[in-house]
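J.: The following block contains a protein sequence and its predicted model.
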Amino acid sequence: MFSGKEYIYEVNKEKSFSKAAKKLYISQPSLSTSIKRIEQKIGCPIFDRGSHPIELTDCGRKYLQAAEEIMEIERNFTQYLSDLQQLKTGTLSVGGSNLYSSYVLPPLITKYTKAYPQITIHLLEDNSAQLRNQLLSGDVDIIIDNISYDDTIFEKYSYKPEHLILAVPKHLSVNDKLQKYQLPSDSMMSGDFLKDSYSPVPMESFSQESFIMLKQENDTYTKGMELCRLAGFAPRILMQLDQQVTAYNITCSGMGICFVGDTLIRSTYPHPNINYYKLPAAQSSRNTYFYLKANRYVTYAISEFLKLIQSEVSNRH
């Protein structure tokens, strides 16, 4: 009944028989025949072929749920055997947003591959919602994010704190009356801007300005909206984006204000066309975490990566 479950999984993932067939390196007629054979065995259709894109039926959702549990058991046992035989090989898939995949993960992965050259690393870049789903499905082993996930479903490992800063194009006249709040570049690079000697900017000063925001599932959006609400206004939003790097680049081009983490600013160095402002710590501070799916088998590859993370955290202290 579950022979060929990987076909069901791939069609549902791609929402297309033709795309799934290409990924599976088989012909579309062969794929369709295999799935019809499974449907005949269980006595009901798995896919609603009349929907566009193709969707699972209620029975199909139950089938896929059971299939994914079986696939995870098989994957965990295979990994257990590899570790038992002390092969010190395997794969590790790590995921993050464009920001973390571009600036935070590369040095960690470089250090890891130097220590464990026989382990193959896969780096996945996506938005938070997709990363969470792929962590649940087992398509990725570890992800890094600044969103708090459900502790009953995920295990988390604290990595480092992050602080939002307001980035404002220099050509905007609102900067003229806020010069005493503008942060020097070296204060952001060193982290000194967090000291009490630097005051948060009055957010109400920006009530008439336009903002570049992230989409609602992002923590940056949640914190930015709360900062504006506490200042007594709803921001005028020009556009909403998936990635902080994209929003920041648009702001650097002169189009709208954005909230940006100090991780990105330190990674790229403060932009000459931008004035930066400190925000109240209570609404702008957060932590970044590495997440694993709870109760999964922790392979040798994952275990050693977690040790590297913990070593990095210890060295900062």
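T.: Yes, it's here.
J.: Contacts only, for the residue lying closest to I250 once chain neighbours are set aside.
T.: Nearest non-adjacent residue to I250, counting by CB to CB, 6 or more residues apart in numbering: I212, 5.2 Å away. Glycine gets a C-beta too; all of them are placed from N, C-alpha and C. By CB atoms under 8 Å, 6 or more residues apart in numbering, I212 lies in contact with I237, L238, M239, L241, A247, I250, T251, M255, G256, I257, C258.
J.: Derive a PyMOL selection command for the buried subset of those.
T.: To isolate the buried members of these in PyMOL, using 16 or more other CB atoms under 10 Å:
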select buried, resi 241+247+250+251+256+257+258
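J.: Flag the least confident of the contacts of I212.
T.: On pLDDT alone, M255 ranks lowest of the contacts of I212, at 92.
J.: Surely it forms part of a helix?
T.: No: looking at M255 with DSSP: H, G, I helix; E, B strand; the rest coil, it is coil, so not inside a helix.
J.: any idea how far C228 is from it?
T.: Counting by CB to CB, to the nearest Å, the separation of M255 from C228 is 18 Å.
J.: Give the other helices and strands that the lengthiest helix in the chain contacts.
T.: Counting residues, the longest helix found in the chain (DSSP state H) is helix 58-84. When contacts are defined as 3 or more CB pairs under 8 Å, 6 or more residues apart in numbering; DSSP states H and E, helix 58-84 sits against helix 5-14.
J.: again, 10 Å this time
T.: Here helix 58-84 touches helix 5-14, helix 28-42, strand 47-48, strand 55-56, strand 90-96, helix 128-137, helix 300-316, going by 3 or more CB pairs under 10 Å, 6 or more residues apart in numbering; DSSP states H and E.
J.: between those, which gets nearest to K160?
T.: helix 300-316 (7.0 Å; CB to CB).
J.: Just the CA trace of that closest one, in CSV.
T.: Taking C-alpha atoms only, helix 300-316 is exported to CSV below (Å, rounded to 0.1, in the frame of the first residue of the first chain):
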residue,chain,number,x,y,z
TYR,A,300,26.3,12.4,13.9
ALA,A,301,26.2,15.2,11.3
ILE,A,302,23.6,17.1,13.2
SER,A,303,25.2,16.5,16.6
GLU,A,304,28.5,17.9,15.4
PHE,A,305,26.9,21.0,13.9
LEU,A,306,25.1,21.7,17.2
LYS,A,307,28.4,21.4,19.0
LEU,A,308,29.9,24.0,16.6
ILE,A,309,27.0,26.4,17.4
GLN,A,310,27.4,25.9,21.1
SER,A,311,31.1,26.5,20.8
GLU,A,312,30.5,29.8,18.9
VAL,A,313,28.1,30.9,21.6
SER,A,314,30.6,30.1,24.3
ASN,A,315,33.4,31.9,22.6
ARG,A,316,31.4,35.1,22.4
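J.: How about residues contacting that helix?
T.: With CB atoms under 10 Å, 6 or more residues apart in numbering as the test, helix 300-316 has contacts from 79-80, 82-84, 86-94, 107-109, 111-112, 115-116, 118-121, 141-142, 144, 155, 157-160, 289-290, 292, 296, 298-299.
J.: returning to what we had before: surely the residue nearest to I250 is within a strand?
T.: Yes: assessed by three-state DSSP, I212 belongs to a strand.
J.: Tell me how far it lies from L166.
T.: 12 Å.
J.: shared neighbours of the two, anything?
T.: G224, T251, I257, C258, F259, V260.
J.: contacting residues around the third one?
T.: Shown here is I257, whose contacts under the criterion CB under 10 Å, 6+ apart are 166-169, 172, 174, 206, 209-213, 224, 235-236, 238, 251, 274-275, 277.
J.: Specify the beta-bridge partners of it.
T.: Legend: beta-bridge partners of I257 under DSSP bridges are F211.
J.: what's the burial count for R132?
T.: Using other CB atoms under 10 Å, R132 is surrounded by 23 other residues.
J.: if I read this right, it contacts Y149, doesn't it?
T.: Yes: counting by CB atoms under 10 Å, R132 does reach Y149; the two are 6.7 Å apart.
J.: Mutual contacts of those two, please.
T.: I143, Y291, K293.
J.: Can you read off the pLDDT for the residue nearest to I250?
T.: On the pLDDT scale, I212 gets 98.
J.: same question, the one 5 residues further on
T.: For E217, the pLDDT comes out at 86.
J.: Now the longest strand seen in the chain: buried residues?
T.: Criterion DSSP state E: the longest strand present in the chain is strand 154-169. Across strand 154-169, burial judged by 16+ other CB under 10 Å covers F154, E155, K156, Y159, E162, H163, L164, I165, L166, A167, V168, P169.
J.: which other residues reach the next helix or strand after that strand?
T.: Remark: after strand 154-169, the chain's next helix or strand is helix 185-190, criterion DSSP states H and E. When contacts are defined by CB under 10 Å, 6+ apart, helix 185-190 is touched by residues 163, 165, 184, 192-195, 197-198, 262, 265-266, 269-272, 274, 276, 278.
J.: what's the model's confidence in helix 185-190, averaged?
T.: Per-residue pLDDT over helix 185-190 has a mean of 96.
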